[in-house]
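Undergrad: Here is the input, now give the coordinates:
(4 chains)
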Protein chains: 4
Amino acid sequence: MSTWGKYYRVTTYGESHCRSVGCIIDGCPPGMRLTEDDIQPQMTRRRPGQSALTTPRNEKDRVEIQSGTEFGVTLGTPIGVIVRNEDQRPKDYGGKTMDLYPRPSHADFTYLEKYGVKASSGGGRSSARETIGRVIAGTVAEKYLSLAHNVEIVAFVSSVGSEYLFPPTAKYPSPATNPAFLSLISKVTRQEVDSFVPVRCPDAAATARMTKVIEKFRDAQDSIGGTVTCVIRNCPIGLGEPCFDKLEAELAHAMLSIPATKGFEIGSGFGGCEVPGSVHNDPFIAAPVGETNERRKLTTKTNNSGGIQGGISNGQDIYFRVAFKPPATIGQAQQTATYDAEDGVLEAKGRHDPCVVPRAVPIVEAMAALVLIDALMAQNARESARSLLPPLKTTLPVKESGTSANPENVAEHLNGLR
Amino acid sequence: MSTWGKYYRVTTYGESHCRSVGCIIDGCPPGMRLTEDDIQPQMTRRRPGQSALTTPRNEKDRVEIQSGTEFGVTLGTPIGVIVRNEDQRPKDYGGKTMDLYPRPSHADFTYLEKYGVKASSGGGRSSARETIGRVIAGTVAEKYLSLAHNVEIVAFVSSVGSEYLFPPTAKYPSPATNPAFLSLISKVTRQEVDSFVPVRCPDAAATARMTKVIEKFRDAQDSIGGTVTCVIRNCPIGLGEPCFDKLEAELAHAMLSIPATKGFEIGSGFGGCEVPGSVHNDPFIAAPVGETNERRKLTTKTNNSGGIQGGISNGQDIYFRVAFKPPATIGQAQQTATYDAEDGVLEAKGRHDPCVVPRAVPIVEAMAALVLIDALMAQNARESARSLLPPLKTTLPVKESGTSANPENVAEHLNGLR
Amino acid sequence: MSTWGKYYRVTTYGESHCRSVGCIIDGCPPGMRLTEDDIQPQMTRRRPGQSALTTPRNEKDRVEIQSGTEFGVTLGTPIGVIVRNEDQRPKDYGGKTMDLYPRPSHADFTYLEKYGVKASSGGGRSSARETIGRVIAGTVAEKYLSLAHNVEIVAFVSSVGSEYLFPPTAKYPSPATNPAFLSLISKVTRQEVDSFVPVRCPDAAATARMTKVIEKFRDAQDSIGGTVTCVIRNCPIGLGEPCFDKLEAELAHAMLSIPATKGFEIGSGFGGCEVPGSVHNDPFIAAPVGETNERRKLTTKTNNSGGIQGGISNGQDIYFRVAFKPPATIGQAQQTATYDAEDGVLEAKGRHDPCVVPRAVPIVEAMAALVLIDALMAQNARESARSLLPPLKTTLPVKESGTSANPENVAEHLNGLR
Amino acid sequence: MSTWGKYYRVTTYGESHCRSVGCIIDGCPPGMRLTEDDIQPQMTRRRPGQSALTTPRNEKDRVEIQSGTEFGVTLGTPIGVIVRNEDQRPKDYGGKTMDLYPRPSHADFTYLEKYGVKASSGGGRSSARETIGRVIAGTVAEKYLSLAHNVEIVAFVSSVGSEYLFPPTAKYPSPATNPAFLSLISKVTRQEVDSFVPVRCPDAAATARMTKVIEKFRDAQDSIGGTVTCVIRNCPIGLGEPCFDKLEAELAHAMLSIPATKGFEIGSGFGGCEVPGSVHNDPFIAAPVGETNERRKLTTKTNNSGGIQGGISNGQDIYFRVAFKPPATIGQAQQTATYDAEDGVLEAKGRHDPCVVPRAVPIVEAMAALVLIDALMAQNARESARSLLPPLKTTLPVKESGTSANPENVAEHLNGLR
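TA: Next comes the predicted model:
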């Protein structure tokens, strides 16, 4: 199904070559200022054709809100948004080649097997164009998160091919333990990231190295993958459902649903498997004075957990990394087989992205926002419900003896927060 | 919420120290033979206390089916299953320490913040014991998948600390391109994996190296992480929903919902980001004669995609890798802070697992089965619906001119499979 | 949330005065011919302005499919459909009156309380215009049901005010026991119903009586309610989920979600409460020869159950009745209070429907189709899954002794259908 | 599926003749005192065997909480509850008769068709015993609703056969317009209702008449239906989702999911179709002083709407009526057919309820509580989200000219509540 979320629910529609693509956002809080101008910038950031490094197709992608707002304010009702497809039947696709060959590592073959019907662009819903609806909905979510909780979500390119912003080293098998990394994610902004367009890696030297890699593969009519790192700052404590819907599980689901992704890691990630527990554990410390309030006395000294413990946000920066494979569409001729299993050579027409990670940045941010707002509203529902219950008596001092089966000692164990 | 799946739906309940843990399985196909004997073996494989390498607590975990079967056959109605907790209030927990300190990198702090109520074991639902319900439901799902489609799901330990079964090399940045790896996953069995207990890495030399690592960390009262690789063989083509619920996205969600996981990669994974597209693309070839049937003419020559393209299974082996962090509970004293933000030293009592990956093997298998059966039933619903429609005419020859807007050329583009 | 269905899932959007209203249909079977022409007729049937009896506003409501089809065939991907709002700010609404007064028995007050924001048309999503998305999605569902199972869904007006097509009598407290009623629903067609436009009651005498009632209330600037009866023929056996999602429960939910509805009854309904069980029970008889097949040997002699037993369809005609209240918008002046609780008199401008039941007919049909297709696909998923299991041995003769705890007698109790 | 609710989610399991029946409650607010003693009374009220009028089977139905609470306080985690089946294989069922005949108007036939497997009690999940899980979950929900909002839910028998508490009359076609009815529902308590056991109709004369009806049908080995009316007092304003999940639609769904129900009506219901709109509309008036607060200035003078307008609660008493058919199990011999379509006579053994409505009372209350708590938590999530947004400026005076397209007049139309 093409629906994301339980509370802030997004349903998307649209292939590459139909009238329009778009989404319905159901559950957006009422009373928020919202116009197309709030959405268009991220829409533009995901567009191809922003530089010589990316695909020259020129899509316009103008957002049109259909419903759910009046006079620039959300009504709380479903927000329909559409973006017209300008090239409903581009010449690059179709014709003999596409009709005969399933493109290697594309979705043409699996879509045909799944549906028994082939869209004119092969795996139609599996195109980058499908992500437009996600970016729309994610951007609206992000506006709410920013207004209500000052949440900041920033993604950037952290590697292209084997060029890394923070390459794994003997000392730092995972960037999680590298102070330079933690410092960067604590303050990097979207503006800084964009100042390194087209690569979107917030470091001049790394950007230069990555640019060379991309140019090399572009010139060879080949393609290359890379990774995007994303940080979420000011996430409220307590988000994420235990068991199946842990916050990192929802993030993993969201990220692996983006076309061309192959991996996800949270906090220390795969590198963290090599770090001893005694180092990997994040000890608690008193929260800095500025951050102290009745609901927050503690923070962690390190952040190998990536801001999530037991599936629930702990108030620290949430950060994760997503792997994108090299784009499947390449200019080189490929030896492969037709739908009828006859050997042949497939040559793609036109020009294509040699590397999608720079364009993936706003999509990663959008999906992160969708995960967060849904977890936030789930917790809101719980918190509101709890807040109306008569308080439990929690004033008894915690005794050293702690015979917890004794009902008189209940308070020790319930530690009500109110 | 503690529910997984839309068609084969599992709801779990239970903390470490309540009367029982268990689950309700809703949507299990009717007419399948099923008794406790089908479930108990995987339950036993996930138990602690199987060797000196793992935790000495001795849980019995006897499965009791409450409903949904009669005379050893499923009725199609909800299957309630419970496993009693024998030690409802173990002495190792509780008392002064647990009441004062949130354990570092455990869920004690986040659970208290989330719920405002503290379970006697801290983050109660965040314990390994919660996975019992998953293994029950996954094992039932696996029986169905095996009976109906001969699906085989086998997981094994692929690294402990920095000891790998297939370490990344210059030649093979990802095991996906290593023929030895592909050969292993094409035939490894659960029996072979278990013959390397306690490590469950299906290679004698690697097991020896990993065992040493675990012993070292055990003796140091420390802990270490590792990775589990899982392969799914004979997966039907066409499983996985496009857009948000791609098959790899559901797998990522499922795996990151297992306690202590930090990462997930499918197919070539993070290593695949460094492989050129011209190498990474999986060309199509005619399927081997034995495998040919009307619905399957093609397979891929390589399998960097990991058996999934465009979010949909393509009939190849599906394989993925999951990262587990070092267990948070260690014997060493830890400098940390109390709930009231006072500095102090926390010392854990008892003995604990220095490495959880061997025990995680059946849990990974169970979650994989839950993902697969749900995707299968979703596709079943679609396929059944489609099969009752009048067939489209699909006999027209594909023309070279391919002016697809012409309605007479519909057949070129619709390629109906029937 | 504005979503209906789990398998064939519809999400609607749109208020009275925004750019467009519409829906996304997710889960429509692929490979079905579908164009706007399939949808427009029902859209037209629900339009106001078809006769002097109904509201003179002239809405055009032209359907535009945005996605999910190519060359007039469904792809299996989400079908986006929009209908533009032509009068985005009609003069009849707005101005002093609507800003000051919540209209009695409208949704103005409750929407403002719920959302804290007032749409320019009061309870915007609570308008009849919201039903456009339902009719679109229901009509597509109906096409599938007709093609795949020859399902026929026909609704008609069964009462207006106190004028009934089948008034309750001492002999027939419920029409369920009246042979004339059963005969009518066994064969009435949509064409016949429409031949009695504007009332849509398939009986000339009753239509005449009802027309008089409507004219009386129209002339008095008042309004009147009525009921719609709907029959579903050729419904496959076995649809409906036990427990919470019984087929009649889903139908009730669907019908009570239509604006202005106040009641639902299935089969014998409220009148059936007065019929003795010995009469009310529907005895089984052999199915007519023409209908016999391996899966259907039995039918029922009477049909007080209304085609559903234990929440599951039994192959008989499903029929139910829906109550619609008198429209809340009336021309008469009404003594009421402003938002600020000051007494006053509200006078509605313009002309309004004195009775909505004729227009409700296609909406009832659409919602019935949405319920049915979802239940069908749920059962398809189950049936497909079951059909792949190895058959149980079911050939043992049923013994009279019947000591069913004996495993050798399993076959007696399992009665596998294959 | 056997799951109810999206926020407060209940999953039930269990047939008549398995080890236990029960449920998992997921989403119960944390920090609420809860023990078995809170649940047992409603469990006892639904038990058969309370008087000579009802079935003599003696079920004990002792509730055992498995998880989700500690020291009598909810943790916020899933609450598993089981009730053991004492008679796992009663002699009344089984043997020759049940194996040969599908019981008329029972679920035996449809279950077999649906699942292809026959439970030993026929339509196992379709038994009254399945309602145990509902009553458990509903009673817990009700405790929360009472503690947090002082909600009161009281159901009672309003008719048995053709004996009514408030029979429809020329003056009052619907009890909604009868002051005596409105007065009764404004104050009737569960204690009063139970003082009229076994009939549970809160009126001595009506109870006497109804008792005679039940006795007559009992003596004739026949059965009779009836209706249950339910009132919800102190329901917060603003509950219910627009469009598909209107509050009355959820109530209808919930009620029609109870075994043996045939109809549902809210407020004026079917009778209201005969009332002119000018009488049926509920005018607004200032709320009584005691009830006035910043969020509530208005109430309605009459209550034909039954406390819900546009699908959203308006603060008035919510009341509805549910139709129950005569029980299908009767002592009389019935002419019917075997599974193999051979004519025959079915005679039921044992004694059975001639009328289920008195026992249905706590089930109706439980389902009403499940609907309400879910709607409440949905609204809580929305309200919490909205409350954190910066307030819109709403201070401009409302102008008479009302040119609402002018952005300066936004305030007129947004009427923010804060």
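
Undergrad: make it CA atoms for all contacts and neighbour counts henceforth
TA: Fine.

Undergrad: what kind of secondary structure is the most centrally placed residue in chain A in?
TA: Centroid-nearest residue in chain A, with C-alpha atoms, centre = their mean: A:Val364, separated by 2.9 Å. Classification of A:Val364 by DSSP: H, G, I helix; E, B strand; the rest coil places it in helix.

Undergrad: How much space separates the nearest residue in space to A:Leu376 that is not next to it in sequence from B:Ser2?
TA: Counting by C-alpha to C-alpha, 6 or more residues apart in numbering or on different chains, A:Leu376 lies nearest to A:Leu239, which is 5.9 Å off, once chain neighbours are set aside. Computed with C-alpha to C-alpha, to the nearest Å, the distance linking A:Leu239 and B:Ser2 is 15 Å.

Undergrad: So between the two, which is more surrounded?
TA: Per other C-alpha atoms under 10 Å in any protein chain shown, whichever of A:Leu239 and B:Ser2 has more neighbours is A:Leu239, with 28 against 22.

Undergrad: Now do the same contact list for whichever residue of chain A sits closest to chain D.
TA: Residue nearest to chain D within chain A (C-alpha to the nearest C-alpha): A:Ala381, separated by 4.0 Å. For A:Ala381, the contact set (C-alpha atoms under 8 Å, 6 or more residues apart in numbering or on different chains) comprises D:377-382, D:384.

Undergrad: go on, A:Ala155?
TA: If you count contacts by C-alpha under 8 Å, 6+ apart, then A:Ala155 has A:190, A:193, A:228-231, A:361-362, A:364-365 around it.

Undergrad: quick one: contacts of stretch A:359-366?
TA: Under the criterion C-alpha under 8 Å, 6+ apart, external residues in contact with stretch A:359-366 comprise A:42, A:45-48, A:131, A:134-139, A:142, A:153-157, A:200, A:228, A:230, A:255, A:258.

Undergrad: Extract the CA atoms of that stretch and return them as CSV.
TA: Taking Å, rounded to 0.1, in the frame of the first residue of the first chain, the C-alpha atoms of stretch A:359-366 are listed here in CSV:
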residue,chain,number,x,y,z
ARG,A,359,19.3,14.7,-4.7
ALA,A,360,18.4,12.1,-2.0
VAL,A,361,19.2,14.6,0.8
PRO,A,362,15.7,16.3,0.9
ILE,A,363,14.0,12.9,0.5
VAL,A,364,15.8,11.5,3.5
GLU,A,365,14.9,14.6,5.5
ALA,A,366,11.2,14.3,4.4
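
Undergrad: Show me what the mean pLDDT comes to for it.
TA: When the per-residue pLDDT values of stretch A:359-366 are averaged, the result is 97.

Undergrad: swap in stretch A:167-185?
TA: Confidence over stretch A:167-185 (mean pLDDT, whole number) is 93.

Undergrad: Okay, now it: how far is its last residue from its first?
TA: Distance between the boundary residues of stretch A:167-185 (C-alpha to C-alpha) amounts to 16 Å.

Undergrad: Which residues does that stretch contact?
TA: Taking C-alpha under 8 Å, 6+ apart as the criterion, the residues outside stretch A:167-185 that touch it are A:166, A:231, A:267-272, A:274-275, A:302-304, A:306.

Undergrad: gap between it and the chain center?
TA: Mean C-alpha position of stretch A:167-185 versus that of the full chain (C-alpha atoms, centre = their mean, to the nearest Å) differs by 21 Å.

Undergrad: Buried residues, it. List them.
TA: By neighbour count, and taking 16 or more other C-alpha atoms under 10 Å in any protein chain shown as the criterion, the buried residues in stretch A:167-185 are A:172-177, A:182, A:185.

Undergrad: Check stretch A:187-207 too.
TA: In terms of neighbour count (16+ other C-alpha under 10 Å), stretch A:187-207 has its buried residues at A:188-190, A:192-194, A:196-203, A:206-207.

Undergrad: and it, does that touch chain B?
TA: No - in this structure, stretch A:187-207 remains apart from chain B according to C-alpha under 8 Å from any C-alpha of the partner chain; the gap is never smaller than 15.5 Å.

Undergrad: Now do the buried residues in the host helix or strand of A:Pro41.
TA: Taking DSSP states H and E as the definition, one finds A:Pro41 inside helix A:36-46. By 16+ other C-alpha under 10 Å, the buried positions in helix A:36-46 come out as A:39-40, A:42-46.

Undergrad: and which of those residues is nearest D:Gly22?
TA: A:Ile39 (47.8 Å; C-alpha to C-alpha).
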